[in-house]
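Trainee: What shape does this take:
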Amino acid sequence: MAEKLKYDVASVLERETQHTITRWYARVEDEADLVKVPLTREERCAHLPEMFRDLVLRLRNPLPLGSRALTSSSAHNHGCLRRDQGYTAAMMVEESRMLQVSIFETLQSHMEETDSGVLLLRIMAIADEVDSQLAQAMTSFISEANHDGGPEKP
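Mentor: Numbers count the residues shown, from 1 in each chain. A predicted model of the protein is given here:
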């Protein structure tokens, strides 16, 4: 029996981006606190294709874990947009948590296809990148709140 071809994690995520976004969106739509902000699927998911491109780029061009990731204009814009849409900081964190779970579910369902020798390192890089993007989005979210003169939303 022929051995299955092994793919790197970046290729799996690149190939499965839309499926992972669909999985994430279903999870978000089941979260009562998040759907209090009425958005279309397109509005809710608009930031994700660019985030996945950034994530795949990071996986293909590894940085030392914990180092400052590249600045993402998409993450900055996402924070400003979510503020304008009426999200709270806690809602943004919850969305990000759900994204990580959805990404890890995608990888879990494709374990047999991935190069397991570097899987743990890639998972750590994914978590680091998603958290970095969240931090950048939160920075713009908070600065937008300060610019508006209003208090930061909890």
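
Trainee: Regarding this protein, what is its longest helix?
Mentor: Using DSSP state H to define each element, the chain has its longest helix at helix 119-148.

Trainee: mean confidence for that helix?
Mentor: For helix 119-148, mean pLDDT rounds to 86.

Trainee: what does stretch 29-41 give?
Mentor: 96.

Trainee: Could you do stretch 46-55 as well?
Mentor: For stretch 46-55, the mean per-residue pLDDT is 95.

Trainee: Could you pull out the buried residues of it?
Mentor: 47-48, 50-52, 54-55 (16 or more other CB atoms under 10 Å). For glycine as for every other residue, the C-beta is placed from the backbone atoms N, C-alpha and C.

Trainee: Can you show me the CA trace of it as PDB?
Mentor: Taking Å, rounded to 0.1, in the frame of the first residue of the first chain, the C-alpha atoms of stretch 46-55 are listed here in PDB:
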ATOM      1  CA  ALA A  46     -14.500  39.900   6.200                       C
ATOM      2  CA  HIS A  47     -11.300  39.900   8.100                       C
ATOM      3  CA  LEU A  48     -10.600  36.200   8.000                       C
ATOM      4  CA  PRO A  49      -9.200  35.600   4.400                       C
ATOM      5  CA  GLU A  50      -6.500  38.200   5.100                       C
ATOM      6  CA  MET A  51      -5.800  36.700   8.500                       C
ATOM      7  CA  PHE A  52      -5.400  33.200   7.000                       C
ATOM      8  CA  ARG A  53      -3.000  34.700   4.400                       C
ATOM      9  CA  ASP A  54      -1.000  36.200   7.200                       C
ATOM     10  CA  LEU A  55      -1.100  32.900   9.100                       C
END
